[in-house]
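Q: mind folding the following:
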Amino acid sequence: MKFDERWKTFIGYLLNIAKEGKEDRGALADLRSGLGKEPGKMARVHKHVVPYLPEKNHNDRWYYLTATLFGMHPKHKDPVEHESNGNKWKEVWTMGRAFRPLKEKRNSMEARFVALLNSHPDDLDDHLRHAVRLLKANDQPLDWFQLFEDLLQWDHPDGHVQLQWARDFYKSDFNNRANVPDTDSTLKEEDIDHE
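A: Numbers count the residues shown, from 1 in each chain. Below you'll find the model as predicted:
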């Protein structure tokens, strides 16, 4: 089994234990028992994660983190398909997209989101735990396939995951401003500093 197939099967397993009306409450409790712990201290979580780990120790930490976060908030959102003028695209439900409605409720959410974006991989567990807790409290779903894929690429030097999350988080601000005429932004010739 290839690496990407293995992690997709892993997320599929998690979604299956949380299937509405057929939830495996014991398995979800096992996953929650690992919150805030190092993988070596998650005895009840191993049986849910180890069968899906790659042969080599390749980002095992992200498997454990995703499993424990999922146990806390197993609400999933698939990408939304759109079509316009014959073009089709998917709106992926990244953490930035999931967090977007929260900033409209409270101003402090932007600061929390920025802290998440700035997280060093060593500190990401705590920031994500708080973020997922906020999503749960506000009944906001998350695309668990996308989150796991993003975690696997979190420390990429170009920061493309963080950039995508930021785009998805701030996107509605631009769209809202684009529809409102901005009378203060018109510059007159005398306002421009010519040097």
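Q: mind showing which ranges of the chain have poor pLDDT?
A: 1-3, 172-195 (pLDDT under 70).
Q: got the contact list for the residue sitting nearest the centre point of the chain?
A: Residue closest to the mean C-alpha point of the chain, counted by Cα atoms, centre = their mean, is M95 at 2.9 Å. By Cβ atoms under 8 Å, 6 or more residues apart in numbering, the contact list for M95 reads L116, A131, L142, L147, D150, W165, D168. The C-beta positions use only the backbone N, C-alpha and C, and glycine is treated the same way.
Q: turn these into TSV, columns for neighbour count, distance to N59 and secondary structure.
A: Converted to TSV, the contacts of M95 look like this (neighbours: other Cβ atoms under 10 Å; distance: Cβ to Cβ, whole Å; DSSP: H, G, I helix; E, B strand; the rest coil):
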residue	neighbour count	distance to N59	secondary structure
L116	21	19	helix
A131	24	20	helix
L142	24	19	strand
L147	23	13	helix
D150	21	12	helix
W165	21	19	helix
D168	19	23	helix
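Q: quick one: which of those residues is nearest H73?
A: L142 (7.1 Å; Cβ to Cβ).
Q: name the nearest residue to G34, sequence neighbours excluded.
A: Leaving out its chain neighbours, the residue that sits closest to G34 by Cβ to Cβ, 6 or more residues apart in numbering is M42, at 3.6 Å.
Q: my guess is the one you found contacts Y63. True?
A: No. Using Cβ atoms under 8 Å, M42 is not in contact with Y63; the gap is 10.6 Å.
Q: which parts of this structure are helices?
A: Listed in chain order, the helices of the chain (DSSP state H) span 3-17, 25-32, 46-49, 60-72, 95-105, 108-117, 124-137, 144-152, 160-178.
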